[in-house]
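Asks: okay, here's the prediction I keep looking at, along with the sequence it came from:
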Amino acid sequence: MVTTAGNPQPLGGNELPRFAGIATFMRLPGRSHPSDLDVAVVGVPLDIGTSNRPGARFGPRGIRDESVLIRPYNMATRAAPFDSLRIDDTGDVATNPYNLLDSVDRIEAHFNELLAHDVITVALGGDHTIVLPILRAMRARHGPVGLVHVDAHTDINDEMFGERIAHGTPFRRAVEEGLLDCGRVVQIGMRATGYAADDFDWSRQQGFRVVQIEECWHRSLVPLMEEVREQVGDGPVYLSFDIDGLDPSFAPGTGTPEIGGLTTPQALEIVRGCRGLDLVGCDLVEVAPIYDTSGMTAHIAADLVYEMLCVLPGVQSRS
């Protein structure tokens, strides 16, 4: 961690109007080499792993566009991520729009290169397929990791249309490949209809804690996150946040919306509740701006990515 005035800084709205400037996350300079960073924000534009509505390939661009409204200091938590850590937007993975498996390989190679520089990665998705190659890279660097997974779906299908890699299968593959420390995995927000009565049971059989949405309705999630921190403990942890974990009244711009989801205050409680964990990486996935004419889904996603930056190890608060 460094706390120098030379850290990359977001471009302020009083320096250049917010509708101008380069399209990086929070208008960061976008010129840093990973070896000079503590945290790399990276786009992963991909949606050929989706099974319903496509469009998440435009998620990174949409999140960056809406991030211009965010200021650098968190007035609720007093976190000052850009003063505490060297953070920059390192651009996008060059995914292959015609080949999912090749894209998965490209994503893994890209994250292996980033992690070789000992950075924390914050990924802008992209559909949820991207988490599998990212977790492969995380395992190579950190060993099996704990997981906080926010989503409407468990994403533990064995196959989808005969394919073993898609946006609904990554966490089953992650278990099979030894990428997860299964006793340190929590899935939050699970809901909707299924194909069988035991659709969530496979996760529980692996040792995951599955928090169905009915456990979250009409209450603060601060007590839940105290339990999550105790379960996940001191080892390396990855945070994966699917925007469809939120109710579609808040975030309609996604491929697989499900009613009865989390509220935005609950989303903030979950992310802020990860403070103190040894987060080695995060992602925000499944934003499909084409289904959200107001831009609100991408805006909420940008805010949540900023909140992730605020809870990373080494981030200090300003008094």
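Replies: Good, I have the coordinates. The shown structure was predicted, so the numbers you read here are calculated from the model rather than taken from an experiment.
Asks: residue 146 and residue 184 touch, don't they?
Replies: Yes. Residue 146 is within contact range of residue 184, at 3.2 Å (criterion: Cβ atoms under 8 Å). C-beta: built from backbone N, CA, C; applies to glycine.
Asks: and the two? which has more neighbours close in?
Replies: residue 146 (25 against 22; other Cβ atoms under 10 Å).
Asks: and the helix or strand that one falls within, which strands flank it?
Replies: Using DSSP states H and E, residue 146 maps to strand 145-150. Strand 145-150 pairs in its sheet with strand 180-190 (parallel), strand 236-242 (parallel), by DSSP bridges.
Asks: buried residues, it. List them.
Replies: With burial defined by 16 or more other Cβ atoms under 10 Å, the residues of strand 145-150 counted as buried are 145, 146, 147, 148, 149, 150.
Asks: what about it, distance to the chain center?
Replies: Relative to its parent chain, strand 145-150 has a centroid offset of 10 Å by Cα atoms, centre = their mean, to the nearest Å.
Asks: let's see it as PDB, backbone CA atoms only.
Replies: Provided in PDB are the C-alpha atoms of strand 145-150 (Å, rounded to 0.1, in the frame of the first residue of the first chain):
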ATOM      1  CA  VAL A 145     -10.300 -19.100  -2.400                       C
ATOM      2  CA  GLY A 146     -13.300 -18.300  -0.300                       C
ATOM      3  CA  LEU A 147     -16.200 -16.700  -2.100                       C
ATOM      4  CA  VAL A 148     -19.000 -14.200  -1.500                       C
ATOM      5  CA  HIS A 149     -21.400 -14.700  -4.400                       C
ATOM      6  CA  VAL A 150     -24.400 -12.300  -4.800                       C
END
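Asks: for the chain, which spans come out with low pLDDT?
Replies: The model of the chain has pLDDT under 70 over residues 1-5, 319.
Asks: work out for me the element the residue positioned nearest the centre of it sits within.
Replies: Note on the chain: the residue nearest the mean C-alpha position is residue 283, at 1.9 Å, using Cα atoms, centre = their mean. Assigned by DSSP H and E, residue 283 belongs to strand 278-285.
Asks: still on that earlier bit, okay, and the common contacts of residue 146 and residue 184?
Replies: 232, 233, 235, 237 (Cβ atoms under 8 Å, 6 or more residues apart in numbering).
Asks: and which of those is nearest to residue 37?
Replies: Nearest to residue 37, judged by Cβ to Cβ, of these is residue 237 at 20.0 Å.
Asks: which ones are touching residue 236?
Replies: Counting by Cβ under 8 Å, 6+ apart, residue 236 has contacts 138, 142, 143, 145, 146, 278, 280.
Asks: from residue 214, how far out is it?
Replies: Going from residue 236 to residue 214 by Cβ to Cβ, to the nearest Å gives 30 Å.
Asks: where do the strands sit along the protein?
Replies: 39-44, 87-92, 120-125, 145-150, 180-190, 209-212, 236-242, 278-285 (DSSP state E).
Asks: returning to what we had before: out of the strands paired with strand 145-150, which comes closest to residue 163?
Replies: Nearest of those to residue 163, taken as Cβ to Cβ: strand 236-242 at 19.1 Å.
Asks: tell me what angle the closest one forms with strand 120-125.
Replies: Between strand 236-242 and strand 120-125, the angle comes out at 20 degrees (axes from the mean of the first three to the mean of the last three Cα atoms, to 10 degrees).
Asks: tell me the angle strand 236-242 makes with strand 278-285.
Replies: Going by the same axes, to 10 degrees, strand 236-242 makes 20 degrees with strand 278-285.
Asks: what about strand 236-242, distance to the chain center?
Replies: The answer for strand 236-242 is 6 Å, by Cα atoms, centre = their mean.
Asks: and for stretch 226-234?
Replies: That offset, for stretch 226-234, works out to 19 Å (Cα atoms, centre = their mean).
Asks: then stretch 148-166?
Replies: The answer for stretch 148-166 is 16 Å, by Cα atoms, centre = their mean.
Asks: and what of stretch 7-14?
Replies: 23 Å.
Asks: restrict it to CA atoms and write it as PDB.
Replies: Only the C-alpha atoms of stretch 7-14 are listed here, as PDB (Å, rounded to 0.1, in the frame of the first residue of the first chain):
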ATOM      1  CA  ASN A   7      -1.400   7.800  -7.000                       C
ATOM      2  CA  PRO A   8      -3.600   7.800 -10.100                       C
ATOM      3  CA  GLN A   9      -6.700  10.000  -9.400                       C
ATOM      4  CA  PRO A  10     -10.200  10.200 -11.000                       C
ATOM      5  CA  LEU A  11     -10.700  13.300 -13.100                       C
ATOM      6  CA  GLY A  12     -13.000  15.700 -11.100                       C
ATOM      7  CA  GLY A  13     -16.200  17.200 -12.400                       C
ATOM      8  CA  ASN A  14     -14.800  20.700 -11.700                       C
END
